[in-house]
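Trainee: What follows is a predicted protein model with its sequence.
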Amino acid sequence: MTLQTIQIDLPSDIFLTLNESEHELKARIKRSLAIQLYLQQKITIGKAAQIAEMSRFEFESFLSEQKIPISILELNEILSDIDKLK
């Protein structure tokens, strides 16, 4: 996977305010971005896991810990899939 680097500007005291290292904050931002894009259905759960730098299993476990559903299927989609399996 090829990576793209972006830069964002944050207040200079953010690490002190959050009591986090730069590495911890980067990981938090990546996880948050991955979750938001996944919930907006802009990316798959696999791509979200890549953004969060986790395995798919780790990301699914993380979502579960955060009480975020792993599947975003609507009821009609589930029923349609059930009909297809009959």
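Mentor: Thanks, I have the structure now.

Trainee: quick one, helices of the chain?
Mentor: 14-18, 22-39, 45-51, 56-65, 75-85 (DSSP state H).

Trainee: Give me the distance from stretch 3-20 to the chain's centre.
Mentor: 19 Å (Cα atoms, centre = their mean, to the nearest Å).

Trainee: what residues does that stretch touch?
Mentor: 21-22, 25, 28 (Cβ atoms under 8 Å, 6 or more residues apart in numbering). All C-beta spots, glycine's among them, are computed from the backbone N, C-alpha and C.

Trainee: could you redo the last one with a cut-off of 7 Å?
Mentor: 21-22, 25 (Cβ atoms under 7 Å, 6 or more residues apart in numbering).

Trainee: Most neighbours among these, which one is it?
Mentor: residue 25 (14 neighbours; other Cβ atoms under 10 Å).

Trainee: Tell me how far that one lies from residue 34.
Mentor: 15 Å (Cβ to Cβ, to the nearest Å).

Trainee: Likewise for residue 59?
Mentor: 7 Å.

Trainee: Overlap of the contact sets of the two?
Mentor: 48, 52.

Trainee: Would you reformat the contacts of stretch 3-20 as CSV and include pLDDT?
Mentor: Listed next are the contacts of stretch 3-20 as CSV, based on pLDDT from 0 to 100:
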residue, pLDDT
21, 93
22, 93
25, 95
